[in-house]
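[1] Sequence plus predicted model, see below.
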Amino acid sequence: MNNLVGKRILVVDDEPLIAMLLEDILGDLGCIVVGPALEVGEAEALAREAALDAAILDVHLGKETCHSIAELLRDRQIPFVVASGDEEASAVPGSSGPLSKPFVLAAVETALTRVFA
(Lines give C-alpha, C1' and ligand atoms only; values in the text may rest on other atoms or scores of the structure.)
Protein backbone atom coordinates (compact mmCIF):
# COMPACT_ATOMS: atom_id res chain seq x y z
CA MET A 1 0.00 0.00 0.00
CA ASN A 2 1.42 3.40 -0.93
CA ASN A 3 1.25 6.58 1.14
CA LEU A 4 -1.07 8.21 -1.42
CA VAL A 5 -4.25 6.38 -0.43
CA GLY A 6 -6.91 8.87 0.61
CA LYS A 7 -4.88 11.95 -0.34
CA ARG A 8 -7.03 14.72 -1.83
CA ILE A 9 -5.38 15.87 -5.06
CA LEU A 10 -6.54 18.90 -7.02
CA VAL A 11 -6.31 18.29 -10.77
CA VAL A 12 -6.02 21.36 -13.01
CA ASP A 13 -5.79 20.84 -16.77
CA ASP A 14 -7.64 22.56 -19.59
CA GLU A 15 -7.77 19.41 -21.74
CA PRO A 16 -10.72 17.26 -20.59
CA LEU A 17 -9.26 13.99 -21.92
CA ILE A 18 -5.95 14.59 -20.20
CA ALA A 19 -7.75 15.50 -16.97
CA MET A 20 -9.77 12.27 -17.22
CA LEU A 21 -6.59 10.24 -17.75
CA LEU A 22 -5.05 11.85 -14.68
CA GLU A 23 -8.25 11.15 -12.71
CA ASP A 24 -7.99 7.47 -13.65
CA ILE A 25 -4.32 7.29 -12.66
CA LEU A 26 -4.96 9.00 -9.32
CA GLY A 27 -7.90 6.67 -8.69
CA ASP A 28 -5.64 3.69 -9.34
CA LEU A 29 -3.23 5.11 -6.74
CA GLY A 30 -6.04 5.41 -4.18
CA CYS A 31 -6.21 9.20 -4.26
CA ILE A 32 -9.35 11.29 -4.04
CA VAL A 33 -9.58 13.63 -7.02
CA VAL A 34 -10.69 17.20 -6.42
CA GLY A 35 -11.94 18.74 -9.64
CA PRO A 36 -10.76 18.49 -12.23
CA ALA A 37 -10.71 22.22 -12.84
CA LEU A 38 -10.53 23.03 -16.53
CA GLU A 39 -10.05 26.79 -16.25
CA VAL A 40 -8.26 29.29 -14.01
CA GLY A 41 -11.27 30.75 -12.18
CA GLU A 42 -12.59 27.34 -11.20
CA ALA A 43 -9.11 26.21 -10.13
CA GLU A 44 -8.56 29.36 -8.06
CA ALA A 45 -11.81 28.77 -6.19
CA LEU A 46 -10.82 25.20 -5.37
CA ALA A 47 -7.27 26.24 -4.45
CA ARG A 48 -8.71 28.86 -2.11
CA GLU A 49 -11.33 26.76 -0.33
CA ALA A 50 -11.23 23.02 -0.99
CA ALA A 51 -9.75 20.52 1.44
CA LEU A 52 -6.55 19.51 -0.36
CA ASP A 53 -3.40 17.55 0.35
CA ALA A 54 -1.65 18.43 -2.94
CA ALA A 55 -2.28 19.51 -6.52
CA ILE A 56 -1.19 18.75 -10.05
CA LEU A 57 -1.26 21.88 -12.20
CA ASP A 58 -0.96 22.15 -15.96
CA VAL A 59 1.23 25.15 -16.85
CA HIS A 60 -0.96 26.41 -19.69
CA LEU A 61 -4.69 26.80 -19.20
CA GLY A 62 -5.99 28.20 -22.45
CA LYS A 63 -4.38 31.60 -22.84
CA GLU A 64 -3.58 31.79 -19.12
CA THR A 65 -1.08 30.03 -16.86
CA CYS A 66 -1.27 28.29 -13.49
CA HIS A 67 0.78 30.96 -11.66
CA SER A 68 -2.17 32.48 -9.75
CA ILE A 69 -3.31 29.00 -8.67
CA ALA A 70 0.20 28.12 -7.54
CA GLU A 71 0.33 31.32 -5.48
CA LEU A 72 -2.93 30.43 -3.70
CA LEU A 73 -1.61 26.94 -2.95
CA ARG A 74 1.68 28.34 -1.63
CA ASP A 75 -0.26 30.71 0.65
CA ARG A 76 -2.09 27.68 2.10
CA GLN A 77 1.13 25.62 2.23
CA ILE A 78 -0.33 22.98 -0.07
CA PRO A 79 2.36 21.27 -2.14
CA PHE A 80 1.94 20.95 -5.88
CA VAL A 81 3.67 19.64 -8.96
CA VAL A 82 3.51 21.31 -12.33
CA ALA A 83 2.70 19.23 -15.37
CA SER A 84 3.88 20.20 -18.79
CA GLY A 85 5.08 18.80 -22.06
CA ASP A 86 7.81 21.44 -22.10
CA GLU A 87 10.36 23.01 -19.79
CA GLU A 88 8.16 25.86 -18.55
CA ALA A 89 7.15 23.80 -15.51
CA SER A 90 10.36 24.82 -13.77
CA ALA A 91 9.35 28.49 -14.09
CA VAL A 92 6.51 28.14 -11.54
CA PRO A 93 7.82 29.11 -8.09
CA GLY A 94 7.14 26.69 -5.25
CA SER A 95 6.61 23.59 -7.34
CA SER A 96 7.68 20.32 -5.77
CA GLY A 97 8.96 19.33 -9.17
CA PRO A 98 7.85 18.89 -12.73
CA LEU A 99 5.66 16.09 -14.00
CA SER A 100 6.15 15.34 -17.67
CA LYS A 101 3.35 14.76 -20.10
CA PRO A 102 2.07 12.41 -21.33
CA PHE A 103 1.12 11.03 -17.90
CA VAL A 104 2.01 7.50 -16.86
CA LEU A 105 1.12 5.93 -13.53
CA ALA A 106 4.71 5.42 -12.35
CA ALA A 107 5.67 9.06 -13.00
CA VAL A 108 2.57 10.41 -11.23
CA GLU A 109 3.22 8.12 -8.27
CA THR A 110 6.87 9.19 -8.08
CA ALA A 111 6.01 12.90 -8.28
CA LEU A 112 3.36 12.68 -5.56
CA THR A 113 5.48 10.44 -3.34
CA ARG A 114 8.19 13.12 -3.56
CA VAL A 115 5.61 15.74 -2.49
CA PHE A 116 4.71 13.81 0.65
CA ALA A 117 8.23 12.61 1.55
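    Right, received. Where do you want to start? Numbers count the residues shown, from 1 in each chain.

[2] okay, CA-based contacts and neighbour counts for the rest of this
    OK.

[3] Now do the contacts for R76.
    By C-alpha atoms under 8 Å, 6 or more residues apart in numbering, the contact list for R76 reads R48.

[4] what separates it from A54, distance-wise?
    Using C-alpha to C-alpha, to the nearest Å, R76 is found at 11 Å from A54.

[5] which helices and strands sit right next to the one helix or strand L57 maps to?
    According to DSSP states H and E, L57 maps onto strand 54-58. If you count contacts as 3 or more C-alpha pairs under 8 Å, 6 or more residues apart in numbering; DSSP states H and E, strand 54-58 packs onto strand 8-12, strand 80-84.

[6] So G6 versus L52, what's the distance?
    As judged by C-alpha to C-alpha, G6 and L52 stand 11 Å apart.

[7] now do S100
    Distance, S100 to L52, using C-alpha to C-alpha: 22 Å.

[8] just P98 next, same as before
    According to C-alpha to C-alpha, P98 and L52 sit 19 Å apart.

[9] List the residues that contact I56.
    Applying C-alpha under 8 Å, 6+ apart, we find I56 in contact with 9-12, 80-83.

[10] For it, list each beta-bridge partner.
    Beta-bridge partners for I56, by DSSP bridges, are V11, V81.

[11] picking that back up, where among the helices and strands packed on strand 54-58 is the average confidence lowest?
    Of all these, the minimum mean pLDDT falls on strand 80-84 (a mean of 88).

[12] Many thanks, I have nothing further to ask.
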